[in-house]
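**Q** Dropping the sequence and predicted coords here.
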Amino acid sequence: MDFKAEIAKKINALVDMEFEKVMELIEIPPQTNMGDYAFPCFQLARVMKKSPNMIAAEISGKVQADSIVEKAEAVGGYVNFFINKKEYIKLIIQEVLEKGEKFGSSEEGKGKNVIVEFSSVNVAKPFHVGHLFNTILGSSLEKVFRHSGYNTIRINHLGDWGTQFGKLISAYKRWINEEALEKEPISELFRIYVKFHEEAEKDPALEDEARAYFKKLEEGDPEVTMLWQRFKDLSLREFSEIYEMLNVEFDSYAGESFYSDKMDEVVQMLREKKLLKDSNGAKIVDLEQFNIPPIMILKSDGATIYATRDLAAAIYRKRTYDFYKNIYVVGGTQSLHFNQIFSTLGLMGFEWSKDCVHIGHGLVKFADKKLSTRKGDVVFAKDVMNEAVHKTMEVIEHKNPNLENKKEVARKVGMGALLYTFLKNNREKDVVFTWEDALNFDGDSGPYVQYTYVRGRSILQKAGYVPDTADLSYLSTEDEFQLVKLLGAFKDSVKEAVERYEPFVIVRHVTEIAKAYNKFYNTHPILNADENVKNARLQLTKAVGTVIQTGLSLAGIETPENM
Ligand code: ARG
C-alpha cells in the first residue's frame, strides 16, 4: 500500500488536478507535528482564483478519517495529512518481514539492460585509493540498479593497451628482477616503469625503442605478446585479491586491448561521415559546435589512442547488449574526455549516445599523513584495506577479546568502515580519509550501523524467538512510529539513489534508521515489556535488522552477527 498515492487519490477526487500532478506536488513536511504528507495549494489558487488558505480549508474539511488518513489540517495554504499510524505500522512491518532482503526492490528496470563500467584499473600499474573509491562506488551503484529490477552488466574496462606497454617491455628487457616480479608483480612492474621514464629523460632513444615494441605488440609478435600477456596475468592475480576482499565481481573484463582489432571500423566510419580532419598529421574530430576541444583519433604516426578505443567500446556495447543505459563510473577528472566521446558518437549519428552517462567522483585525500605511501604519492588500495582490518582487530582485542570468529568480524567491520567512508557523502565530493572517523563506533560510520544491527540480533537471541504473529497496534509510541516511517521510506531512497546515481542516499538512510532504532532502544523496554508489547517490539526489531542489512548490502557492506 502506498499511502502517498492513496492520499493523492483523495485530493484528485476533490479538485481539478491530475493525479500525477498531485503526486508531484505532495511534500514531506519538515516537522513531524505538521503531519506526514502535505499538499501545497498555491498552484490551484492561481487556477481557481481563490486564496490557497481557502482551498486548503475546503480540502481538509472534506477529508474523512479512514484506514489511510487519521486527520487533515489546513495550515498556511497547505493541507497537512496525518496518516493512520496503526494501519501504516502494520502494513510496513508485515511487508518487510514478508519480503526480507527483497524489501525496497522494484521492477522499475524490468527488461532493461544497464551497463555499469567501473574499476577499470591499469595493468602493471598500482591499484591505488582512487581506484578503490571508484570500485566501491561503481559496485554499489550496480547493486542499487539491480535491486530496482534492471538487468545489469558489470564491465571492467582494463587499461591493458597503449604505448606504455612498449615502454614496459623495453624496461623489462633492461631492468627486471624476476624474483620480485613473481612475488610482488605490480610493485616490480611499476618500479621498472618509473625507471624507464627517468632513463628516457637522459636517453631519448629509449622512447623509439618503446615505440618499436608497441608496434610489434600491435602486429602480434609472439614474444612480445607473451610478455604482455604475462604482465596482464600477474596484474590480474593481484587485482583479484582486492576484488575478493571487496566482494566485487565482473561480468566482463573486456578492456582496451579487446578493441585493438575493432578500431579500423571506427576510423572508417568517421572517414565516411567526413568527420576526420587533419591537424599536423594527426587525425581529429572537430567539436567546436559543442564548445569543447577537438578529440584526437589517430596520432601522426597513425597509432590509435585511448579515445579511439572508447569509441569502439561504446559501439561494441550497443551491439552486444543493446543497452538502455551505458554508465561509466570514472573519476571526475575525465569528464571532458567523456563529453568528447559522447559528442563524437552523436555526430556519427548514433542517437543512443544520449544513453551514455559519465558518473564522476571526487579524489581521495588523507588527513593522517602517516598512511603508508610506499612510492611517491601513490597510496595502494591493498595497504589501506589491510590496515582497516588490522586496526579493527586491535579494537576487538581491546574491547572484546573473547569474541568468536574474531578474524571474520574484523574483516567485515574493517571493510565496512572503509566502504562506508567512501559512500557516505555525495560522490562528487573528495573523500578526506581519517582512521578516527572511519572507525568511530559512535558517529556516522560503518561500525556504528553494523553495531546497531548486532544489537538487534542479540535482543532476538536473548528473547529466544521472533513471534510469527503479533498485534502491531501495541507499537503506539511516537518513537516507534517515526522508526517505522523510516523503514517505509527505504524504497524511496532506493529510487532516489537510482535517479541521482548516488548510493550515499541509501547509506544515509540506513544510518538514520540505526539512529532511530537506538533512540527507541534507549527509551523503551523490549524484553521486559508486557507480553503483547514485547512481541510487537520483537517483530519491529527483526524488521529493522532486515532493512539495515539490505541497505548495507547495497553498499557492499556485510553485517556480522556479533561484534
Ligand atoms: N584505466 C583508466 C584509468 O585508470 C580509466 C578507464 C575509464 N574507462 C573508459 N572507458 N575510458 O584512468
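**A** Yep, that arrived.

**Q** how close does residue 86 sit to residue 93?
**A** Per Cβ to Cβ, to the nearest Å, residue 86 is found 11 Å from residue 93. Using the backbone N, CA and C atoms, a C-beta is placed for each residue, glycine as well.

**Q** meant to ask about residue 448
**A** Remark: distance between residue 448 and residue 93 (Cβ to Cβ) = 24 Å.

**Q** out of those two, which sits in the more crowded spot?
**A** Higher neighbour count among residue 448 and residue 93: residue 93, with 24 against 20, using other Cβ atoms under 10 Å.

**Q** Report the spatially nearest residue to that one, omitting neighbours in sequence.
**A** Closest residue to residue 93 apart from its sequence neighbours, by Cβ to Cβ, 6 or more residues apart in numbering: residue 543 at 4.9 Å.

**Q** got the CA positions of stretch 293-311 in CSV?
**A** What follows is stretch 293-311, C-alpha atoms only, in CSV (Å, rounded to 0.1, in the frame of the first residue of the first chain):
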residue,chain,number,x,y,z
PRO,A,293,38.4,21.0,-27.8
PRO,A,294,38.7,18.5,-30.7
ILE,A,295,39.2,14.8,-30.0
MET,A,296,42.3,13.1,-31.4
ILE,A,297,41.6,9.8,-33.2
LEU,A,298,44.9,8.9,-34.8
LYS,A,299,48.3,10.2,-33.9
SER,A,300,50.6,11.5,-36.6
ASP,A,301,52.3,8.1,-36.7
GLY,A,302,48.8,6.5,-37.4
ALA,A,303,48.6,5.0,-33.9
THR,A,304,45.2,4.9,-32.2
ILE,A,305,44.7,6.1,-28.7
TYR,A,306,42.6,5.8,-25.6
ALA,A,307,39.7,7.8,-27.1
THR,A,308,39.6,5.7,-30.3
ARG,A,309,39.2,2.6,-28.1
ASP,A,310,36.4,4.2,-26.2
LEU,A,311,34.5,4.9,-29.4
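
**Q** average pLDDT across it?
**A** Averaged across stretch 293-311, the pLDDT comes to 94.

**Q** start at 415 instead
**A** OK, 415 is where the count begins now, so the last one is stretch 707-725.

**Q** buried sites along that stretch?
**A** Neighbour-count burial for stretch 707-725 flags 708-712, 718-719, 721-725 (criterion: 16 or more other Cβ atoms under 10 Å).

**Q** farthest-separated two in those residues?
**A** Using Cβ to Cβ, the two most remote members of the buried residues of stretch 707-725 are 708 and 723, lying 17.4 Å apart.

**Q** got a markdown table for the buried residues of stretch 707-725, with secondary structure too?
**A** Shown next, in a markdown table, are those (DSSP: H, G, I helix; E, B strand; the rest coil):
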| residue | secondary structure |
| --- | --- |
| 708 | coil |
| 709 | strand |
| 710 | strand |
| 711 | strand |
| 712 | strand |
| 718 | strand |
| 719 | coil |
| 721 | helix |
| 722 | helix |
| 723 | helix |
| 724 | helix |
| 725 | helix |
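
**Q** shared neighbours, residue 500 and residue 507?
**A** Common contact partners of residue 500 and residue 507 (Cβ atoms under 8 Å, 6 or more residues apart in numbering): residue 886.

**Q** Name the nearest of the buried residues of stretch 707-725 relative to residue 942.
**A** Nearest to residue 942 out of these is residue 724 (Cβ to Cβ; 62.4 Å).

**Q** State the distance from the closest residue in space to residue 498 that isn't next to it in sequence to residue 869.
**A** Once flanking residues are discounted, residue 498 sits nearest to residue 484: 5.0 Å by Cβ to Cβ, 6+ apart. Using Cβ to Cβ, we find residue 484 at a distance of 32 Å from residue 869.
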